[in-house]
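Chemist: Need a 3D model of the sequence below.
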Amino acid sequence: MSNEETKAPEAQDEVAPKNAFKKLKKPALTLAFIAINIAVIAITAFSEFGNSENAAQLSEVQINWWFLLPAAACFIVAITLEIHKYIIMMREAAKVNTKKQTKKVWRVARRTVLLGKYYDSVTPAAIGGQPFQIWYMHKNAGIGKGMATTIPIIGMISNQIGFIIVASVAFLFGSLSINNAVLMATACFGLLFYAFWPIAILIATFLPNTTAELINLIVRFLAKVHIVKDKEKAIKKVSDGVNEYAKCVKQILKTRGLFLREILLSVCFHLLISMIPFFVLTAFGGAVDFLPCLVTTIAVTSAVYFVPTPGNAGAAEGTFFVVFSALSSGYIFWAMLTWRFFSYYIYIIIGAIIYVRMHFEKKKNKTHEEKLDT
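Modeler: Numbering: from 1, shown residues only. Take a look at the predicted model:
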């Protein structure tokens, strides 16, 4: 018997545990991922509502469940409109013609939006959404790196401009219904943060020379403090990226009425999301008027925008007490918990579900490829 034949059983004994470990590794990581998401929801919920000693027993709370249906409908329609924004841009970028392409565009747009919301919810100051969306679209949309970068950015710009429009109109015509000068001042200050990125991106697009000068100044400073090693290479890399991005933005904006449609869809999105507290309050027996509730919700949303915590945790529940104070103290806890479900927790839950589905899809595709190879 040869040496190779005698070593074969030993080699097989070593390979078997490795293969078993690989098979168990991915399911274990998936379960760990789900556990982490459950922990995130539990920790944020406890930090926001854990000290609510005056909360009534759930069995004693009288809820008009019919009013939670329009709250759920507002959320579903709002998310559908947000997804449609990305579908419009992807169709323009990829020139979709076939039914198969349309199905893929819908799937990529849906996951781009929902997973972007997921990362916005679990990262401080909502900084994780756009980077993930850019990466995901680049890997799955098949529309080129430049356009995969541009679409999420345009989505973000239109979203923020949409909120600025909604807030400006609400503050102009409905501010008299709010007797809280501090809230209104903080809300107006928050609008400045909403306006920063759209203005900065539009400057980078339409004033390339000014942008190039700013890039040079920043890179030179970073080189002096030894953060950047190759100054010229860094300047060229950033300038090339900005130029490619500006080119794609201009291509999107060249389509007649496209950017306006994106903004209008964003306006509808924010109006629908801002209506949810009214229906939640009404469901729990709160006697509130629609317009004051809507304007207060928009003002509070603007006021907490610059709070650098995941989902504005630590500020949202305290500030939104202004909206839910119309309820008795025992009901406030359950009403705010319901509102946080629609505005925050649901994105984490949906994101986790999508990740699990993607894991099984990837596993299924791999099994199918292995069968074709045999």
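Chemist: Can you name the next helix or strand after the helix or strand encompassing residue 88?
Modeler: For residue 88, the element it lies in under DSSP states H and E is helix 68-94. Note on helix 68-94: by DSSP H and E, the next helix or strand toward the C-terminus is helix 99-122.
Chemist: ok and that following helix relative to helix 68-94, angle-wise?
Modeler: Relative orientation of helix 99-122 with respect to helix 68-94: 120 degrees, computed using axes from the mean of the first three to the mean of the last three CA atoms, to 10 degrees.
Chemist: And helix 99-122, what's buried?
Modeler: Neighbour counts using 16 or more other CB atoms under 10 Å place 104-106, 108-122 of helix 99-122 among the buried residues. Bear in mind the C-beta positions are built from the backbone N, C-alpha and C, glycine included.
Chemist: helices and strands around the following helix or strand past it, which ones?
Modeler: Next along the chain after helix 99-122, taking DSSP H and E as the criterion, comes helix 129-140. Counting contacts by 3 or more CB pairs under 8 Å, 6 or more residues apart in numbering; DSSP states H and E, helix 129-140 is packed against helix 99-122, helix 145-174.
Chemist: what is the rounded mean pLDDT of the first one?
Modeler: Throughout helix 99-122, pLDDT has a mean value of 83.
Chemist: which outside residues touch it?
Modeler: 40, 79, 82-84, 86-87, 90-91, 94, 96, 126, 128-133, 136-137, 140-142, 152, 155, 310-311, 344, 347-348, 350-352, 354-355, 358 (CB atoms under 8 Å, 6 or more residues apart in numbering).
Chemist: And the helices in the stretch 151-300 of the chain, which stretches?
Modeler: 181-206, 208-224, 231-254, 258-283, 290-303 (DSSP state H, counting those that start in this stretch).
Chemist: Which among the ones you listed is found nearest to residue 68?
Modeler: Of all the helices of the stretch 151-300 of the chain, helix 258-283 sits nearest to residue 68, with 5.0 Å by CB to CB.
Chemist: Using neighbour counts, pick out the buried residues of that closest one.
Modeler: 258-259, 261-283.
Chemist: which other helices and strands contact it?
Modeler: Looks like helix 258-283 contacts helix 68-94, helix 145-174, helix 231-254, helix 290-303, helix 321-324, helix 329-340 (3+ CB pairs under 8 Å, 6+ apart).
Chemist: Output the below-cut-off pLDDT ranges for the stretch 201-350 of the chain.
Modeler: Low-confidence segments of the stretch 201-350 of the chain, defined by pLDDT under 70: 228, 241, 244-245, 306-331.
Chemist: redo that, cut-off 50
Modeler: 312, 314-315 (pLDDT under 50).
Chemist: before we move on, back to that, need the helices and strands packed on helix 129-140 in a markdown table with distance to residue 187, can you?
Modeler: Shown next, in a markdown table, are these (distance: least, CB to CB, whole Å):
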| stretch | distance to residue 187 |
| --- | --- |
| helix 99-122 | 20 |
| helix 145-174 | 7 |
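Chemist: how about TSV for the helices of the stretch 151-300 of the chain, with distance to residue 167 added?
Modeler: Converted to TSV, the helices of the stretch 151-300 of the chain look like this (distance: least, CB to CB, whole Å):
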stretch	distance to residue 167
helix 181-206	6
helix 208-224	28
helix 231-254	24
helix 258-283	8
helix 290-303	5
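Chemist: Relative to residue 159, which of those is closest?
Modeler: helix 258-283 (4.8 Å).
Chemist: quick one, the closest one and helix 231-254 angle?
Modeler: 80 degrees.
Chemist: quick check: angle from helix 258-283 to helix 145-174?
Modeler: Going by the same axes, to 10 degrees, helix 258-283 makes 50 degrees with helix 145-174.
Chemist: Residue 193 touches residue 304, doesn't it?
Modeler: No: if you go by CB atoms under 8 Å, residue 193 and residue 304 don't touch, sitting 10.5 Å apart.
Chemist: okay, these two: which has more neighbours?
Modeler: Higher neighbour count among residue 193 and residue 304: residue 304, with 21 against 13, using other CB atoms under 10 Å.
Chemist: and the gap between that one and residue 344?
Modeler: 12 Å (CB to CB, to the nearest Å).
Chemist: and if you look at residue 110?
Modeler: In terms of CB to CB, residue 110 sits 19 Å off from residue 344.
Chemist: if I look at the nearest residue to residue 250 once chain neighbours are set aside, how far off is residue 158?
Modeler: Distances taken as CB to CB, 6 or more residues apart in numbering put residue 205 closest to residue 250, at 6.7 Å, once the chain neighbours are dropped. Distance, residue 205 to residue 158, by CB to CB: 14 Å.
Chemist: more crowded one of these two?
Modeler: The neighbour comparison of residue 205 against residue 158 (other CB under 10 Å) goes to residue 158, with 25 against 20.
Chemist: tilt between the helix holding residue 88 and helix 129-140?
Modeler: 50 degrees.
Chemist: Does helix 68-94 pack against any helices or strands, and if so which?
Modeler: Looks like helix 68-94 contacts helix 99-122, helix 145-174, helix 231-254, helix 258-283 (3+ CB pairs under 8 Å, 6+ apart).
Chemist: Give the buried residues for that helix.
Modeler: 68, 70-71, 74-75, 78-79, 81-90, 92-94.
Chemist: and if you look at stretch 289-304?
Modeler: Within stretch 289-304, judged by 16+ other CB under 10 Å, the buried ones are 292-304.
Chemist: One more: stretch 194-203?
Modeler: 194, 198, 201.
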